[in-house]
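In: Give the three-dimensional model of this entry:
(chains A and B)
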Number of protein chains: 2
Amino acid sequence: MPTLKDIAKKLNLSVSTVSKGLSGASDVSMKTRQEILGTAVKIGYVPKQAKSDTAPKRICVFIENMGYERVEQFGYDIIIGFKLEAAAKKWDVSIMPLAMNEEAKYDYDEFMVANNYSAGFLLGFNLHNDFIKQLDKTNIPTVLLDNVVYNKNVACVGVDNRQGIFYAVEHLVNLGHKKIAMLNGETVSMVSDERLQGFLSGMRAFGLETDEKLIANGDYTSDMADKYVSSFVENGATAIVCASDLIAHGVMRELYRMGVRVPDDVSVIGFDDLPLASYTTPSLTTIRQNRLEIGRNVCLVMEQILRGNCVSRLLLMPELVKRESTGLPKGYEAT
Amino acid sequence: MPTLKDIAKKLNLSVSTVSKGLSGASDVSMKTRQEILGTAVKIGYVPKQAKSDTAPKRICVFIENMGYERVEQFGYDIIIGFKLEAAAKKWDVSIMPLAMNEEAKYDYDEFMVANNYSAGFLLGFNLHNDFIKQLDKTNIPTVLLDNVVYNKNVACVGVDNRQGIFYAVEHLVNLGHKKIAMLNGETVSMVSDERLQGFLSGMRAFGLETDEKLIANGDYTSDMADKYVSSFVENGATAIVCASDLIAHGVMRELYRMGVRVPDDVSVIGFDDLPLASYTTPSLTTIRQNRLEIGRNVCLVMEQILRGNCVSRLLLMPELVKRESTGLPKGYEAT
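Out: Presented below is the predicted three-dimensional model:
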C-alpha cells in the first residue's frame, strides 16, 4: 500500500511537506499542494483515517427519560441496532440508565476517562439538562440522539423530522383534507420545533392556510390530548397530525369518547411507528422512524468522530406507513 | 461468525421468522421479536449490511457550475477527498463535467444503467435544474452536494451552514460589534436560505436587533458587492458577514475604493476558506468548509446508501479561521 514516503520520493519533497499538503496547511504553496494531491490519487494512496483501526473500544450508553428494556418501548430497537453494529466492530458496550437529574453528580469527561471509555452515546436527555450542557466543552467523542450540540467531538443522529411531518401532510392532502390540525409535543424541544416546521412547510407547499386554532403544543404523552381535541373538531379539523404515536393514541381515545369516528369523521396520523401503532383500533397510520437503523448509524457516526472526522449531524429518512386511521374527508367520494 | 441459522436453532424458529424479527416485520409477535433480537446481540450476530461488500464499484461524478481542476477552485479538494476515499474502497471513479443545461439530454437512470455505474455524485447543480428534478424518482444511489432531494436513494452531504454563519456572528459579537450586516448569495438556493437562518438565529441569540437595511441578497460572485456595501456603511454597519469568500473579496475591494479601512473601520468575514482567503489584503477571516473531508464523507455516505441504509443528510462541522479582516469596532479599546 503506497505511503506518504512514496509520494515524497516521487516529488522529491520531505514527508512532512507531503503530510501538510494532504491536510491543506497554508504554508505549502498551492502549486506544490496540487502536485501532492494529484500524485496521491494517481498512486492510490490511502489516508490514515480510512485504514481500519483495530484497537477495541469501550463505549458507554447513557439513557434517561426513555424506555428501552422491552421491545414495545422507543429505545429498545435503538439500543439493539447500536449493539449489533458495535459487535461487528468488536466494541464493548455498557448501558447506564440514569434517574432524572442523577447525572448532576457526574463530571462527564472525568467519568469517561476514569472508566476508560472511548466514546459515549446519550439518549432521552433534554437540552436543558446539566449533563448535556457539559457536552459544549467535552473532549470525549460523543453521539447524541435527536439533540444538537455544537462541539467538534459531538455528533447528532436522528430522523429528518421536518421531512417526516411533511410526508404526513402530503398524505392527508392527497386524500383531500384541507383543514389539518397539528398536536405537537413540548415547545422546549428541538424535535418539536422541527416537526412544527415540517407541518408549516407542508401546508405552505400545498397552498393550504394554517389556522392558529388548529396548532397546539402539549407534551409527548397520551394524556394531554383531551385538552385540545374537542377544540380542533369544533374549529373544523378533518385530520390531526400528531408529533408521536403516544399523542395519536390519546387523540384517538378522546375522539372515541366524543363519539367522533376515525377515519370516517376525522383522520389521525402518528409519528414513530411504535409497536402500539399496529394494535390501536383502527390501526394507526404513522411516520416510521427505523430505530434499528438509527442505532446502527449512531455506531457508524461514532466511528467517524473517533477518527477525528467532524460529523455534525446525520439525518435518516423517515417513511410513511399507511394503516387504517387515515381516509377520505367526510363527504368525499373515492375517485 | 454466527448466522441467522444459529439464532433460529437456538430459539427453535425458522430462519425466515428470525430474518423478519431482525428487520421488524409486523407479523412477528413482539415477544418473539424481543427473543430474536436479544439472542442476536448475545451470540454476536453481525448483520449483513455490516459485512464488507467486495464487489468493485463504478461511480460517476457529475459537475456543473463549479471549478474543480485547479487547487484554488472550490471543487478541487472535494473531488480529491472523494477519490482518495474511493481508492481505499477500490472503487473506479469517472468525472463528467456538464456544460450548463447539457444534462437535459440525459435520462439519468438510463445513462447510469447503460454505463454500468453503481452510484452517482452530483455537485454544482441547482435544484431547479431538470437533471436534479429526475432525482425525485431515481433508483440509482446518489449523493448530492449541499442540495436536498427527498428520495430514499438520494443523500445530501455538506457543512452545517446555519452553524457556520452562527460562528461568524458570535466571533463579531465577541469583538464588540452590534451593527452587523449580511451580504448573502442568490435567494433561490438552499445554502443561502440556511446561511440567512444562521445569521438571524445568531443575532437573536446575542440579543441584537436585525435591521432590514443591513441584509441583502446578491449572488455568489465578487462583482455584485458594490451595489450593497455603501448602503451598509451609510446605515452604520461596523461588520459585514458574507455568504462566501468571493463575496467577501468583492466587499473588501469596494470598501477599499470607498476609502473605508478593513478592519479598522469595518470588519469583514467570509465563508468557505478558499485559498484566496490567505492572499487578500488584509487576509480574510472566514468560516472553513473542510472540502477534503466533504469529499471523503460523500464516499462514506455513498457506501451506506449502496447498502440500503437510508441516510437523508450528513452535515459536517464548519470552523472559524481568524485572520486579519476582523477586529474591534471603531472606538473600542481592547480590554
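In: And the strands in chain A?
Out: Per DSSP state E, chain A has strands spanning A:58-63, A:92-97, A:119-123, A:142-145, A:154-159, A:180-184, A:215-217, A:239-242, A:267-272, A:285-288, A:311-316, A:319-321. These are given in chain order.
In: I'd like to know which of these lies nearest to residue B:281.
Out: Proximity to residue B:281, assessed across the strands of chain A by C-beta to C-beta, is greatest for strand A:311-316 (32.5 Å). C-beta: built from backbone N, CA, C; applies to glycine.
In: For that closest one, enumerate the helices and strands it packs against.
Out: Where contact means 3 or more C-beta pairs under 8 Å, 6 or more residues apart in numbering or on different chains; DSSP states H and E, strand A:311-316 is packed against strand A:154-159, helix A:291-306, strand B:311-316.
In: Using JSON lines, lay out the strands of chain A together with mean pLDDT and mean neighbour count.
Out: What follows is the strands of chain A, written out as JSON lines (pLDDT from 0 to 100; neighbours: other C-beta atoms under 10 Å in any protein chain shown):
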{"stretch": "strand A:58-63", "mean pLDDT": "93", "mean neighbour count": "21"}
{"stretch": "strand A:92-97", "mean pLDDT": "91", "mean neighbour count": "15"}
{"stretch": "strand A:119-123", "mean pLDDT": "94", "mean neighbour count": "25"}
{"stretch": "strand A:142-145", "mean pLDDT": "94", "mean neighbour count": "24"}
{"stretch": "strand A:154-159", "mean pLDDT": "94", "mean neighbour count": "25"}
{"stretch": "strand A:180-184", "mean pLDDT": "97", "mean neighbour count": "27"}
{"stretch": "strand A:215-217", "mean pLDDT": "94", "mean neighbour count": "18"}
{"stretch": "strand A:239-242", "mean pLDDT": "98", "mean neighbour count": "31"}
{"stretch": "strand A:267-272", "mean pLDDT": "97", "mean neighbour count": "28"}
{"stretch": "strand A:285-288", "mean pLDDT": "97", "mean neighbour count": "26"}
{"stretch": "strand A:311-316", "mean pLDDT": "92", "mean neighbour count": "24"}
{"stretch": "strand A:319-321", "mean pLDDT": "95", "mean neighbour count": "17"}
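In: would you turn the ones you listed into a markdown table with distance to residue B:247?
Out: Converted to a markdown table, these look like this (distance: least, C-beta to C-beta, whole Å):
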| stretch | distance to residue B:247 |
| --- | --- |
| strand A:58-63 | 43 |
| strand A:92-97 | 47 |
| strand A:119-123 | 38 |
| strand A:142-145 | 33 |
| strand A:154-159 | 29 |
| strand A:180-184 | 37 |
| strand A:215-217 | 37 |
| strand A:239-242 | 39 |
| strand A:267-272 | 39 |
| strand A:285-288 | 39 |
| strand A:311-316 | 23 |
| strand A:319-321 | 39 |
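In: Minimum distance to residue B:85: which of the ones you listed has it?
Out: When the strands of chain A are ranked by distance to residue B:85, counting by C-beta to C-beta, first place goes to strand A:311-316 at 14.1 Å.
In: Given the closest one, what are its sheet partners and their directions?
Out: strand A:154-159 (parallel), strand B:311-316 (antiparallel) (DSSP bridges).
In: Columns distance to residue B:8 on top of those, output as TSV?
Out: Formatted as TSV, the entries for the strands paired with strand A:311-316 read as follows, by distance: least, C-beta to C-beta, whole Å:
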stretch	distance to residue B:8
strand A:154-159	31
strand B:311-316	30
